[in-house]
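In: quick one, fold the following:
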Amino acid sequence: MVHKNCPICKIEFKVIPALKNVTITCGNKSCIKKWMSISRIGNNNNNYRGGKNKKCLVCGKSFYVGPVKSKTRKCCSRKCAGIIHSKAMSGEGNSRFGEGAKRVCKFCGKKYRSSPSLRLKFCSQKCYDNFKVGKNHPSWKGGKPQNYCIDCGNKIGYYSKRCNKCKFKKERAPNWQGGKSFEKYGLEFDDDLKKLIRKRDKYECQICFKNQKQLKRKLHVHHIDKNKKNNDIKNLVAVCIHCHMKLHRKK
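Out: Next comes the predicted model:
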């Protein structure tokens, strides 16, 4: 066995005498990869036919090119080639430069650029969406026929006679009871009288029997005959807000 040094890590290792004059690595994977990358470039490659070392036009890095692509290749990688291609094809460098520059947007009137193969009429999707509204929409059929309110004259739907404000105005409202809600209460109907009625009814609603603590709000005091000036104790009763609303809905 003969002692030999690794060309990369320079560690001694034993080799048979037949491989004394042959360049061999120590057998480590990292050393083999490095040696393969060095030995297969340029003059070290067995199939070498006169390649060239060139400088990249973008990053300036030196790289090896084979004899076939030595005249055409100018960049070290695809990234650098893409940068040169984008610069060459933009603006005046493009063979179709100026053909689609005179287009005008139908909606905003702004000049924009597009390829001559595309027959665009708008500069962006927003302008297209804003333009295709109402009469400009291809499926426009004249719109719904307009109608006017009998009382106020505002625009409303075709099948209705009055707007919502006029429809539920006082006497036309379904729960209208002759304007009882606008009547004034008697002078006796004060906070002391309300407290007395709630205490008498043990702070419970006399219809659903829910306690005031459960409802987390004060009970209402209701006039049984719906006469606001009749403030007799027998005519008053404590009820919750939900039951109070139901009582006034009934005619």
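In: alpha carbons only for contacts and neighbour counts from here, please
Out: Noted.
In: which helix or strand lies directly C-terminal to the helix or strand bottoming out on mean pLDDT in the chain?
Out: Every helix and strand in the chain was compared by mean pLDDT, DSSP states H and E; the lowest is helix 164-167, with a mean of 76. For helix 164-167, the following helix or strand on the C-terminal side (DSSP states H and E) is helix 191-200.
In: which residue ranges form the helices in the stretch 101-250 of the chain?
Out: 125-131, 164-167, 191-200, 212-215, 241-249 (DSSP state H, counting those that start in this stretch).
In: wait, which of those is closest to N235?
Out: helix 191-200 (10.4 Å; CA to CA).
In: counting contacts, what elements does the closest one pack onto?
Out: In terms of contacts (3 or more CA pairs under 8 Å, 6 or more residues apart in numbering; DSSP states H and E), helix 191-200 is packed against strand 220-223, strand 236-239.
In: how does the protein divide into domains?
Out: What automatic domain parsing lists as the domains of the chain is 2-39, 52-89, 144-178, 186-249.
In: least confident of the ones you listed, on average?
Out: Mean pLDDT values for the domains of the chain show the minimum at domain 144-178, a mean of 73.
In: now do the end-to-end distance for stretch 150-160.
Out: The first residue of stretch 150-160 is 10 Å away from its last residue (CA to CA, to the nearest Å).
In: the helices of the stretch 101-250 of the chain into JSON lines, with extra columns for distance to F107 and mean neighbour count?
Out: Shown next, in JSON lines, are those (distance: least, CA to CA, whole Å; neighbours: other CA atoms under 10 Å):
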{"stretch": "helix 125-131", "distance to F107": "6", "mean neighbour count": "13"}
{"stretch": "helix 164-167", "distance to F107": "36", "mean neighbour count": "13"}
{"stretch": "helix 191-200", "distance to F107": "66", "mean neighbour count": "15"}
{"stretch": "helix 212-215", "distance to F107": "59", "mean neighbour count": "12"}
{"stretch": "helix 241-249", "distance to F107": "55", "mean neighbour count": "13"}
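In: buried deepest among the helices and strands packed on helix 191-200, which one?
Out: Of all the helices and strands packed on helix 191-200, strand 236-239 has the most neighbours on average by mean count of other CA atoms under 10 Å, namely a mean of 23.
In: and the contacts of that strand?
Out: Residues outside strand 236-239 that contact it (CA atoms under 8 Å, 6 or more residues apart in numbering) are 197-198, 201, 203-207, 219-224.
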